[in-house]
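Q: show me the folded form of this:
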Amino acid sequence: MSEQTPRILHIHSTFDPGGKEVRTVRLINMWGKAAEHAIVSGDLDRRGAAALLSPKIKVRWPKFPPLSGGLSLGRLKAIGQAMAGYDLICTYNWGAMDAVMAHTLFADMFKLPPLVHHEDGFNEDEAGGLKRRRNWYRRIALGRSGALVVPSKTLERIALETWVQPRARVRRIANGIDTRAFAAPVARDVLPGLIKRKDEFWIGSLAGLRAVKNLDALIRVMPRLEPDWHLVIAGEGPERAHLEQLAIEMKVEDRVHLPGFVRDPAKLVGLFDLFALSSHSEQFPISVVEAMAAGLPVVAPRVGDIADMVASDNGPLLYTPGDEEELFQVLWKVTGLPREMKRIGQANRAKARAEFDQQGMSDRYRALYWGLMGRNRPATPGA
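A: Model prediction:
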């Protein structure tokens, strides 16, 4: 590669498949040889999203000081030194906030490049409310960042009002996908060991098997739905054993399927008849966009930006977060109205194509990144 090719360092606490990791991979793949990339995963055993990288893209995995631990100037200084030699630093979520602080403290000493921090949402420990000490730390750490990128209006408001970030620094860029790919026909046997039969209907979800996703709720309502409806949750995580046991206790183990992580959701989502979320906390879930692009109605809690994401026709399918009875009532009603489901799904597909396609997302990220690096934006992806 030419010496002019920009070098971008991405710092994640983990790199297992999730919204921010998949988006990072998607951008890297789209940009091709337009940039060199190095990725840090604070947990070396959790790098599952690397499997999604195009084989044509070479990505480095540099050694890096611990991203977590006791707060000390020595550790922060080591992180700062490890960030030298790049043209742009990208950090992601709270797990990389010490790297953001290190940049603020040692940018001059090590002649560090601009830093862009990305906030996509909160884990279980902040799902019920932000922690005051973390808010204070974020305010200081973000002091010298070039930009703070958020995907949702909720996070934009938090960035401006709670983290007290300047308006010019905060950028809201909606997550995008290849919307056309989700319209392609899907084979009924795409999942190993699981075939969708013609007399079955599938409620589908794409989610990490974590407590904050509240997947228990979806399993608990299944006994009350018609027996031809099945629940398919594609994803992996620490809650797998618990969810499997719950399905057995609810006597729906034959109708609840956990096929694991699916590398290409576009090859699966089209098999769903209905998409459902039950999370305690979301901001701008990419899985909702994928379901919309596949032409599905979406049953989901009113959290984050979901109400703004879905088509207005889909509004009646949203329910109060944590209200399991309301979740059941919405599912019971909509599963009995196939024509209504189709109409809502078509409206969602139209909105996804108009507002959430990946090309627009890529263009906005490139304009931001290349602008901060003081480089001309490449004429075409992969140039």
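
Q: could you use CA atoms for every contact and neighbour count after this?
A: Will do.

Q: what's the closest non-adjacent residue to Gly19?
A: Counting by Cα to Cα, 6 or more residues apart in numbering, Gly19 lies nearest to Ile286, which is 6.3 Å off, once chain neighbours are set aside.

Q: what about the one you found, distance to Ile306?
A: Ile286 is 10 Å from Ile306, where distance means Cα to Cα, to the nearest Å.

Q: same thing with Lys33?
A: In this view, Lys33 and Ile306 are 34 Å apart by Cα to Cα.

Q: tell me where the stretch 251-383 of the chain has helices.
A: Remark: helices assigned in the stretch 251-383 of the chain by DSSP state H, counting those that start in this stretch are 286-293, 306-309, 324-335, 338-355, 358-372.

Q: and after the lowest-mean-pLDDT helix or strand in the chain, which helix or strand comes next?
A: Least confident helix or strand of the chain, by mean pLDDT, DSSP states H and E, is helix 124-127 with a mean of 62. The C-terminal neighbour of helix 124-127 among helices and strands, as given by DSSP states H and E, is helix 132-141.

Q: the very next helix or strand once past that next one pairs with which strands, parallel or anti?
A: Downstream of helix 132-141, the first helix or strand assigned by DSSP H and E is strand 147-150. Paired strands of strand 147-150, with direction, are strand 115-118 (parallel), strand 170-172 (parallel) (DSSP bridges).

Q: for the most far-flung residue of the chain relative to its centre, give me the pLDDT.
A: Taking Cα atoms, centre = their mean, the residue of the chain most remote from its mean C-alpha position is Met109, at 34.1 Å. Model confidence at Met109, expressed as pLDDT, equals 97.

Q: helix or strand for it, which one?
A: Using DSSP H and E, Met109 sits in helix 97-110.

Q: mind giving me the packing neighbours of that helix?
A: Contacts defined by 3 or more Cα pairs under 8 Å, 6 or more residues apart in numbering; DSSP states H and E place helix 97-110 against helix 73-82, strand 88-92, strand 115-118, helix 132-141.

Q: could I get the ones you listed as CSV with distance to His230, mean neighbour count and mean pLDDT?
A: CSV is the format used below for the helices and strands packed on helix 97-110 (distance: least, Cα to Cα, whole Å; neighbours: other Cα atoms under 10 Å; pLDDT from 0 to 100):
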stretch, distance to His230, mean neighbour count, mean pLDDT
helix 73-82, 48, 19, 97
strand 88-92, 35, 24, 98
strand 115-118, 36, 24, 98
helix 132-141, 41, 14, 95
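
Q: for these, which one sits closest to His257?
A: strand 88-92 (31.4 Å; Cα to Cα).

Q: contacts only, for Lys267.
A: Phe182, Val186, Ala187, Val190 (Cα atoms under 8 Å, 6 or more residues apart in numbering).

Q: so which of those wins on neighbours?
A: Using other Cα atoms under 10 Å as the neighbour criterion, Phe182 leads those with 24 neighbours.

Q: secondary structure class for that one?
A: Here Phe182 is recorded as helix under DSSP: H, G, I helix; E, B strand; the rest coil.

Q: on the pLDDT front, check it for me.
A: Predicted confidence (pLDDT) for Phe182: 94.

Q: now do Arg377
A: Residue-level confidence at Arg377 comes out at 54, pLDDT.

Q: got a list of what Arg302 touches?
A: With contact set as Cα under 8 Å, 6+ apart, Arg302 has these partners: Leu318, Tyr319, Thr320, Pro321.
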